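K.L.:
Next comes the sequence, and after it the predicted model I'd like to discuss.
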Amino acid sequence: MEPPNPPPPPPTTTSTTHIVAVPYPGRGHINPMMNLCKLLISNNPNIVVTFVVTEEWLTIINSDSPKPNNKNIKFATIPNVIPSEEGRGKDFLNFLEAVVTKMEDPFEKLLDSLETAPNVIIHDSYLFWVIRVANKRNVPVASFWPMSASFFLVLKHYRRLEEHGHYPVNASEVGDKRVDYIPGNSSIRLQDFPLHDASLRSRRLLELALNNMPWMKKAQYLLFPSIYEIEPQAIDVLREEFSIPIYTIGPTIPYFSHNQIASLSTNQDVELDYINWLDNQPIGSVLYVSQGSFLTVSSEQIDEIANGLCESGVRFLWIMRGESSKWKDICGEKGFVLPWCDQLRVLMHSAIGGFWSHCGWNSTREGLFCGVPFLTSPIMMDQPLNSKYIVEDWKVGWRVEKKVKDDVLIRRDEIARLVRRFMDLGDDEVKEMRKRARELQQICQSAIASGGSSENNMKAFLGNILHGSKQ
Ligand SMILES: O=c1ccn([C@@H]2O[C@H](COP(=O)(O)OP(=O)(O)O[C@H]3O[C@H](CO)[C@@H](O)[C@H](O)[C@H]3O)[C@@H](O)[C@H]2O)c(=O)[nH]1
């Protein structure tokens, strides 16, 4: 059970509360922030949100299907002062540098131009400068950390690696060496820490991530798109380390829109060819493969994965941004390749039996929520640690590659063997993992049900921002 007990639902109010929401400009951040705003509004229709994005992101969001049509959410834009979303993954450092240095001034101008001043600002914690702006204007600010609470603690206590002589390290030399001095985390392999090598790029990226940490205590609230029951130690430690309220309000995924979809008849799904394809596959037989919204692996690795999947004989649905047409016809009827899908809807489909994931925190929560076991294939930042949580702590997945190393090709025959076994419903280890995945699914669903930890936290947060209650 989650201590301390959250308060009763807030009293209803008729006056409007204006929230300005400022997500980090990336799909993996905009989605959960938008979901949070919709959830807040569904709890209290007197909330109106101004959702701040770049002009480019407004165009992208407007082309989403389904469109984010909520009458209480208005979009406001700042100019495209950062590099384009297209190719963001190729020069991530440059992108991040621009995000932390170029958006603050236009955001201030935008705040000045709003008809109504915000009652509260909710921002992505990576945009630490929002706290500076809000503090200056005496507006309460809720910092929304888009990754796991356990990973937050890894960054908060990263200096301990230096103190123990464990930074920087060469991943290929440390083998399976583990450390157990990060609060709220069970022991971690050194190779799973983010940005632990000595390259200039990693050092700068690390610096940018660590720079956010001292700002957090200047916010009035900390929000995590997580669930208390899946990382209770981390949340308990955070509550000891911070004096401001900390709320887990996850999974913060759009299950509310999919409840309606689940009740639609299959005829209405015909327009989505991949849902139609999934409808025709046996239950639990399809492996869903995706690397999130902007990262990718080398083209040699893609070749190996494609051939490995084909050799395995397993059915798969593969999201291949940019290159999907080249691979469209691989494996005939056993494979379906496309550039983008409604991921939660796919994961909820009964034909899906596994998720080959790069372990972005959104994908991790979506997979958990749908009770789908993982094949983990992390690329960077929090992903190797999310993979650890999946494989070691929650025991709902296997690693594709045991070691995190750059430039190591995972060969097609290895992939084929692993995938075949992972999708073998008769294998005892697989059966156990699937059972565990269903248990975690139950935990996630209970958290958002009436009286569940996330729903209580959401109400407590609302009580605070609507009435300034101190619970
Ligand atoms: O075809 C697709 C592919 C992805 N998605 C969605 O896109 C989001 C992707 O988010 P995530 O899984 O977190 O991956 P990234 O986009 O890579 O996320 C970035 O942001 C996350 C949150 O900060 C971090 O955990 C990751 O490491 C970082 O790469 C998810 O909601 C997916 O449902 C789709 O809807 N359709």
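P.N.:
Looks like it came in fine.

K.L.:
Could you report the pLDDT at Asn5?
P.N.:
Looking at Asn5, its pLDDT is 46.

K.L.:
do the same with the one 10 residues further on
P.N.:
At Ser15 the predicted local distance difference test score is 87.

K.L.:
Confirm that it sits in a strand.
P.N.:
No - applying DSSP: H, G, I helix; E, B strand; the rest coil, one finds Ser15 to be coil, outside a strand.

K.L.:
Please report how far it lies from the ligand.
P.N.:
33 Å (Cβ to the nearest ligand atom, to the nearest Å). C-beta here means a position set from N, CA and C on the backbone, and glycine is covered the same way.

K.L.:
List the contacts of Leu155.
P.N.:
Each residue near Leu155 by Cβ atoms under 8 Å, 6 or more residues apart in numbering is listed here: Pro194, Ala209, Leu210, Asn212, Met213.

K.L.:
do Glu401 as well
P.N.:
Glu401 touches Ser377, Val408, Ile410, counting by Cβ under 8 Å, 6+ apart.

K.L.:
any idea whether it is helix, strand or coil?
P.N.:
Per three-state DSSP, Glu401 ends up coil.

K.L.:
Out of the contacts of Glu401, which are close to the ligand?
P.N.:
Residues of those in contact with the ligand (Cβ under 6 Å from any ligand atom): none.

K.L.:
which bits of the stretch 301-450 of the chain sit near the ligand?
P.N.:
Residues of the stretch 301-450 of the chain lying near the ligand (Cβ under 6 Å from any ligand atom): 319, 340-344, 360-363, 366, 381-383.

K.L.:
Apart from its neighbours in sequence, what residue is nearest the residue in the stretch 251-400 of the chain that the ligand sits nearest to?
P.N.:
Residue nearest to the ligand within the stretch 251-400 of the chain (Cβ to the nearest ligand atom): Gly360, separated by 2.3 Å. In this structure, Gly360 finds its nearest non-sequential neighbour in Gly292, 4.2 Å apart by Cβ to Cβ, 6 or more residues apart in numbering.

K.L.:
does the one you found sit in a helix, a strand or a coil?
P.N.:
coil.

K.L.:
Okay, it and Phe95: tell me how far apart.
P.N.:
Distance of Gly292 to Phe95, given as Cβ to Cβ, to the nearest Å: 15 Å.

K.L.:
Looking at those two now, which is surrounded by more residues?
P.N.:
A count of neighbours by other Cβ atoms under 10 Å puts Gly292 above the other of Gly292 and Phe95, at 22 against 19.

K.L.:
and that one, what pLDDT?
P.N.:
87.

K.L.:
Residues of the stretch 1-150 of the chain that sit close to the ligand?
P.N.:
Gly26, Arg27, Gly28, His29, Asn31, Pro146, Met147.

K.L.:
Just those: which are in helices?
P.N.:
Arg27, Gly28, His29, Asn31 (DSSP state H).

K.L.:
Show me which of those is closest to the ligand.
P.N.:
Of all those, the ligand sits closest to Gly28, with 2.5 Å by Cβ to the nearest ligand atom.

K.L.:
care to break this structure down by domain?
P.N.:
Domains of the chain are assigned by automatic domain parsing as 17-257+448-465, 266-445.

K.L.:
Identify the residue spatially nearest to the closest residue to the ligand within the stretch 101-250 of the chain, adjacent ones excluded.
P.N.:
Nearest residue of the stretch 101-250 of the chain to the ligand: Pro146, at 3.6 Å (Cβ to the nearest ligand atom). Take Pro146 and drop its neighbours on the chain: the residue closest to it by Cβ to Cβ, 6+ apart is His29, 5.0 Å away.

K.L.:
Fine, thanks again, bye for now.
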